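In: sequence? don't have it. structure:
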Ligand code: ADP
């Protein structure tokens, strides 16, 4: 039987030895929230089988947005990106599951919605790279950094779900 071992504090989530039960940071950007796509996006992660362990809505400051996108500060689109991300309400989430970092990126699609296949979130729901409605961590390292940036220690929860025996073998 599968026992998901997780932790609600800042210790990196490693799960069972030899598996990739892990956590990722997913954010619905202001355009996604404004366009009432929150339920649609959460539904896709839920239906896949991932487990929601943290969620809140906030309006980021430009400083928070700049910190979140710190690795892109040399890019020509950085100022516009910070403005975009801090332009309205963002839904911040932590999702948990096997390979959720990599698979979450697959559910999201490519950075440019025009290159994202139909069936993916960006492929189905948006058109331009500067309005691509969702963020997802690109590695377990950035997932840990981003979860720590956006969530306090007590804001990420931990629970066992009996459904997991139908999702994992
Ligand atoms: P991703 O969000 O897919 O991980 P990146 O980390 O490369 O992509 O970029 C972060 C965000 O910056 C993108 O989601 C997009 O909103 C924005 N962005 C990336 N490239 C461009 C670009 N060429 N022009 C405008 N905005 C961009």
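Out: Perfect, I can see it now. Keep in mind the model is a prediction, meaning the values are calculated, not measured. Numbers count the residues shown, from 1 in each chain.

In: going forward, measure contacts between C-alpha atoms and count neighbours the same way
Out: Noted.

In: So which residues on the protein come close to the ligand?
Out: 77, 81, 110-111, 129-132, 135 (CA under 6 Å from any ligand atom).

In: 5 Å - rerun?
Out: Neighbours of the ligand within the chain, by CA under 5 Å from any ligand atom: 111, 130.

In: Show me the residue sitting in the middle of the chain in space.
Out: Using CA atoms, centre = their mean, the residue of the chain that lies closest to the mean C-alpha position is residue 26, 1.2 Å off.

In: For residue 94, see how far away it is.
Out: 6 Å (CA to CA, to the nearest Å).

In: swap in residue 162?
Out: 20 Å.

In: Between those two, which is the more surrounded one?
Out: residue 94 (24 against 8; other CA atoms under 10 Å).

In: Quick check: phi and psi on the more buried one?
Out: phi -120, psi 120 (degrees, to the nearest 10).

In: Mind telling me which residue of the chain is nearest the ligand?
Out: Distances between the chain and the ligand by CA to the nearest ligand atom are smallest at residue 111, namely 3.5 Å.

In: residues near that residue, how many?
Out: 17.

In: So it lies in a strand, does it not?
Out: No. If the criterion is DSSP: H, G, I helix; E, B strand; the rest coil, then residue 111 is coil and not within a strand.

In: tell me the phi and psi of the closest residue to it other than its chain neighbours?
Out: Nearest residue to residue 111 in three dimensions, chain neighbours excluded: residue 129, at 6.4 Å (CA to CA, 6 or more residues apart in numbering). Main-chain dihedrals, residue 129, degrees, to the nearest 10: phi -60, psi -30.

In: is it true that residue 129 touches residue 113?
Out: Yes. Here residue 129 lies in contact with residue 113, judged by CA atoms under 8 Å, at a distance of 6.1 Å.

In: now the strands for this protein?
Out: 21-28, 51-58, 90-98, 134-136 (DSSP state E).

In: In terms of secondary structure, what does the second one contact?
Out: In this case it means strand 51-58. On a contact count with 3 or more CA pairs under 8 Å, 6 or more residues apart in numbering; DSSP states H and E, strand 51-58 meets strand 90-98.
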